[in-house]
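Undergrad: Show me the folded form of this:
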Amino acid sequence: MSGEAGAQLDSEYYALFVGSGVRVSYALPPGGDGTEIGRHFQEESAPYARWLERARPALDGFFARLATEQRIPLVHLSEPSEEIHGIIIEDVDPSLADTGAEQHFREHSRGLPCPVSLNGSRRLPAPQSIQLRFLVSARVRRSALEPVLEGVVDILLRTRGGM
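TA: Predicted coordinates:
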């Protein structure tokens, strides 16, 4: 069995995973029934779960403000959604721009919110990982998403504690 120790936080406007950043393979010990592996990951993941619970109030407040201010077209994570290439407009690094993304999005969108997934692993102390997911109701510029990720990472670093 392989996996990464970490914890998932699902809230009204976002889903957030924070992990160790290290994927490990764990072999079943001779004569073992598999519970050893489960206990290992449960123990290794516990500090991440506590960390996310400490961060939850600030994260919930941050996303509630984002929804109110409408800097990005954020919608409840529980809304029906569709995943369509082109929801993010790459305006930070022009070399990443997909010239057909807008057309693809227009052709395939049924008007439902779309998920945005951001990886902020480079912003946390190595080798930790972070995956942030939320829904938007319209195309959004990468430059508008960067402050969201920065805000989440800032909250996580302030609430990290002794981990």
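
Undergrad: what helix or strand does His40 sit in?
TA: helix 35-69 (DSSP states H and E).

Undergrad: Would you mark the buried spots in that helix?
TA: By 16 or more other Cβ atoms under 10 Å, the buried positions in helix 35-69 come out as 37, 41, 44-45, 47-48, 51-52, 54-55, 58-59, 62-63, 66-67. Quick note: C-beta positions are derived from backbone N, CA and C, even for glycine.

Undergrad: just the residues you listed now: which is nearest Leu77?
TA: Nearest to Leu77 out of the buried residues of helix 35-69 is Phe63 (Cβ to Cβ; 9.5 Å).

Undergrad: Please tell me I have it right and Ser20 contacts Gly3.
TA: No: taking contacts as Cβ atoms under 8 Å, Ser20 lies outside contact range of Gly3: 9.8 Å.

Undergrad: neighbours around Ser137, how many?
TA: When neighbours are counted by other Cβ atoms under 10 Å, Ser137 registers 15.

Undergrad: Now for the protein, the helix or strand with the poorest mean pLDDT.
TA: The helix or strand of the chain with the poorest confidence is helix 101-108; it has a mean of 82 (mean pLDDT, DSSP states H and E).

Undergrad: I'd like the distance from that one to the chain centre, please.
TA: Put simply, helix 101-108 sits 24 Å off its chain's centre (Cα atoms, centre = their mean, to the nearest Å).

Undergrad: So what touches it?
TA: Ile84, His85, Gly86, Ile87, Ile89, Glu90, Asp98, Arg139 (Cβ atoms under 8 Å, 6 or more residues apart in numbering).

Undergrad: tally of neighbours for Gly111?
TA: Neighbour tally, Gly111, other Cβ under 10 Å: 7.

Undergrad: Let me see the backbone angles for it.
TA: Main-chain dihedrals, Gly111, degrees, to the nearest 10: phi 90, psi 10.

Undergrad: Just give me the residue closest to the centre of this structure.
TA: Leu132 (1.2 Å; Cα atoms, centre = their mean).

Undergrad: Please point out which parts of the least confident helix or strand of the chain sit buried.
TA: Applying 16+ other Cβ under 10 Å to helix 101-108 flags Ala101, Phe105 as buried.

Undergrad: pLDDT score for Ser95?
TA: As predicted, Ser95 sits at a pLDDT of 69.
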